[in-house]
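Engineer: one predicted model, sequence on top.
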Amino acid sequence: MRQNIRSVGYLVILGLTLGAVFWVVDSLVDALVFQNRSFVDEALSPDGVELWMRLFVIGLLLGFSLFAGLIVAQRRRAEASLRMAQDQLEERVRERTVALEEANVALQDEIAGRQQAQDSLKESEGWLRRLLETTNVIPWEADAETWQFTYVGPQAAALLGYPLTQWYERGFWTAHIHDDDRQQATDFCEKSSHGCSAYEFEYRMVAADGRTVWLHDIVTVDAENGVPKTLRGFLLDITTRKQAAQELERSEARFRRLLEAAPDAIVLMRLDGSIAL
């Protein structure tokens, strides 16, 4: 503000100086041209017209100086405001740059952490897959809409006798389910999958050599927006357990028929002497 006032004052002084110079020059010119009055008389006591003309010119010079001073002051104020705005902008840019750098560092750390977690997860999945592939538990993955396998553990070939390439064919699973279980198994699988929750069920499949293999299927559903996309699970061969249960049922049936056909009473006693039957 003081600098602006000082600039206006300088310009006003400049205007007054120019006015004084004009007064002296005009007095000198009048004295030399008209030669009826001396320079001192022209300078100190000009006639009426000459006086008003000089005052008018000096007024113009002063007005112009004042106007120029105001313009200069306004321009300096605008420049000062612009510099202040630029400084504020630069400060904000610096602050934003620092914030972005900090955010970038945090983001890089997060990405590195996620990458490490993904690597650990992949390593764990690979370890688990290798472990499962050395057991009788068969891991698998399939499309939820077509039921076409996208991955099957290598031990699946030994389970049914079909090469792995056939397992990846479209319709392999439904085509090799036992005729008596096909409709019930596919209906249950479709209904349970649309529920987007894990489920288990048992059914029979027909091996390449004609054997009937009982399977216990454990299934999880991977869904997007409530729509099942991928099915993942494990196949467990429970044929031995089923055969043992069936043999037990047949044995119980034979024993029951024996009891019903026996002419004499048959009593079963426990080791402590109590009657069991």
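Structural biologist: Noted; the coordinates are in hand.
Engineer: buried residues, stretch 183-192. List them.
Structural biologist: Ala185, Cys189, Ser192 (16 or more other Cβ atoms under 10 Å). For every residue, glycine as well, the C-beta is placed using N, CA and C.
Engineer: on the three-state scheme, the closest residue to the first one other than its chain neighbours is what?
Structural biologist: What that stands for is Ala185. Excluding its sequence neighbours, the residue lying closest to Ala185 (Cβ to Cβ, 6 or more residues apart in numbering) is Tyr203, at 4.1 Å. Look at Tyr203: counting by DSSP: H, G, I helix; E, B strand; the rest coil, its state is strand.
Engineer: what score does Tyr203 have for pLDDT?
Structural biologist: We have a pLDDT of 96 for Tyr203.
Engineer: go ahead and confirm it touches Ile177.
Structural biologist: Yes. Assessed by Cβ atoms under 8 Å, Tyr203 is found in contact with Ile177 at 6.0 Å.
Engineer: which residues do these two both contact?
Structural biologist: Counting by Cβ atoms under 8 Å, 6 or more residues apart in numbering, the shared contacts of Tyr203 and Ile177 are Ala185.
Engineer: I'd like the buried residues of stretch 183-192 as CSV, with distance to Ala158 appended.
Structural biologist: Converted to CSV, these look like this (distance: Cβ to Cβ, whole Å):
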residue, distance to Ala158
Ala185, 22
Cys189, 24
Ser192, 28
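Engineer: which one of these sits closest to Gly113?
Structural biologist: The shortest gap between Gly113 and any of these belongs to Ser192, at 36.2 Å (Cβ to Cβ).
Engineer: so that closest one: helix, strand or coil?
Structural biologist: helix.
Engineer: equivalent analysis for the one 5 residues further on, please.
Structural biologist: Using three-state DSSP, the structure places Ser197 in coil.
Engineer: count of residues packed around it?
Structural biologist: Around Ser197 there are 11 other residues, counting by other Cβ atoms under 10 Å.
Engineer: rewinding a little: so which of the buried residues of stretch 183-192 comes closest to Val213?
Structural biologist: Ala185 (13.3 Å).
Engineer: so what's the backbone phi/psi at Arg182?
Structural biologist: Here is the backbone geometry of Arg182 (degrees, to the nearest 10): phi -60, psi -50.
Engineer: contacting residues around it?
Structural biologist: Thr174.
Engineer: check the gap between it and Ala99 for me.
Structural biologist: Going from Arg182 to Ala99 by Cβ to Cβ, to the nearest Å gives 63 Å.
Engineer: same thing with Trp140?
Structural biologist: 49 Å.
Engineer: more neighbours: the two, which one.
Structural biologist: More neighbours surround Trp140 than the other of Trp140 and Ala99, with 19 against 10 (other Cβ under 10 Å).
Engineer: quickly run through the sheet partners of whatever helix or strand that one lives in, with directions.
Structural biologist: Trp140 belongs to strand 137-143 when assigned by DSSP states H and E. In the sheet, strand 137-143 lines up against strand 149-152 (antiparallel), strand 227-237 (antiparallel) (DSSP bridges).
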